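Peer 1: Let's see this in three dimensions:
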Amino acid sequence: MAPFDINQVRACFPALESGYIYADNAGGSQTTQAVIDRLVDYLTNTNVQLGADYSIGLLSSQCVAEGSVTAAELFNAASIKEVGFGPSTTMMFENIARALDNDIQPGDEFIITYEHEDNNGPWKRLAARRNATLKYWQPTPVSVHQEKAYGYLWLYSFT
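Peer 2: Here you go, the predicted model:
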């Protein structure tokens, strides 16, 4: 296996050329030039009503379907039924939490971190609605050196 070349990876992300550090961008994630090019191509050439039975409509539907297949492959999902898309992580987690409303009983426990709102807000609201118990987990560094160099280690959802 070839050695990991971080400079080659960084070169794929045009936003990194700006000199800014994108550590937490609530408005979305930075993307590669290949993704930008694919979006521009889709919006320029096939952005029509999905499911339409004319040639461009069929091509548009095929492009969207290919996205689900590619995402399933990326995450090693058994099928595209295990892959979901939505407007934002915050909205997706809120929808999942609301879908669980009737399954949560008083006293059920949620363990969350102190991180970003999209990762804990829906669970806080669900716990409040259903009289569930909310517990916070604070990750601890494995060494004093790590704490000084990086702060606490956090777990993040993939978006």
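Peer 1: in this structure, which segments are predicted with low confidence?
Peer 2: Scanning the chain for pLDDT under 70 picks out 23-28, 141-159.
Peer 1: quick one: the strands in it?
Peer 2: For the chain, strands defined by DSSP state E occupy the ranges 109-112, 133-136.
Peer 1: highest average neighbour count across those strands?
Peer 2: Most buried of those, by mean neighbour count (mean count of other C-beta atoms under 10 Å): strand 109-112, with a mean of 14. Using the backbone N, CA and C atoms, a C-beta is placed for each residue, glycine as well.
Peer 1: So what are the sheet partners of it and their directions?
Peer 2: strand 133-136 (parallel) (DSSP bridges).
Peer 1: hmm, who's touching the strand it pairs with?
Peer 2: Residues outside strand 133-136 that contact it (C-beta atoms under 8 Å, 6 or more residues apart in numbering): 107-114, 123-124, 127.
Peer 1: same thing but 7 Å
Peer 2: Strand 133-136 has contacts (C-beta atoms under 7 Å, 6 or more residues apart in numbering) with 107-114, 124, 127.
Peer 1: quick one, longest helix in this structure?
Peer 2: Counting residues, the longest helix in the chain under DSSP state H turns out to be helix 55-74.
Peer 1: From the chain's centroid, how far away is that helix?
Peer 2: Relative to the chain's own centre, helix 55-74 is displaced by 19 Å; criterion: C-alpha atoms, centre = their mean, to the nearest Å.
Peer 1: So for that helix, what gets flagged as buried?
Peer 2: Going by neighbour count (16 or more other C-beta atoms under 10 Å), the buried part of helix 55-74 is 60-61, 63, 68, 72.
Peer 1: follow-up on the earlier one: let me have the strands of the chain in JSON lines, extended by distance to Ala52.
Peer 2: Listed next are the strands of the chain as JSON lines, based on distance: least, C-beta to C-beta, whole Å:
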{"stretch": "strand 109-112", "distance to Ala52": "43"}
{"stretch": "strand 133-136", "distance to Ala52": "47"}
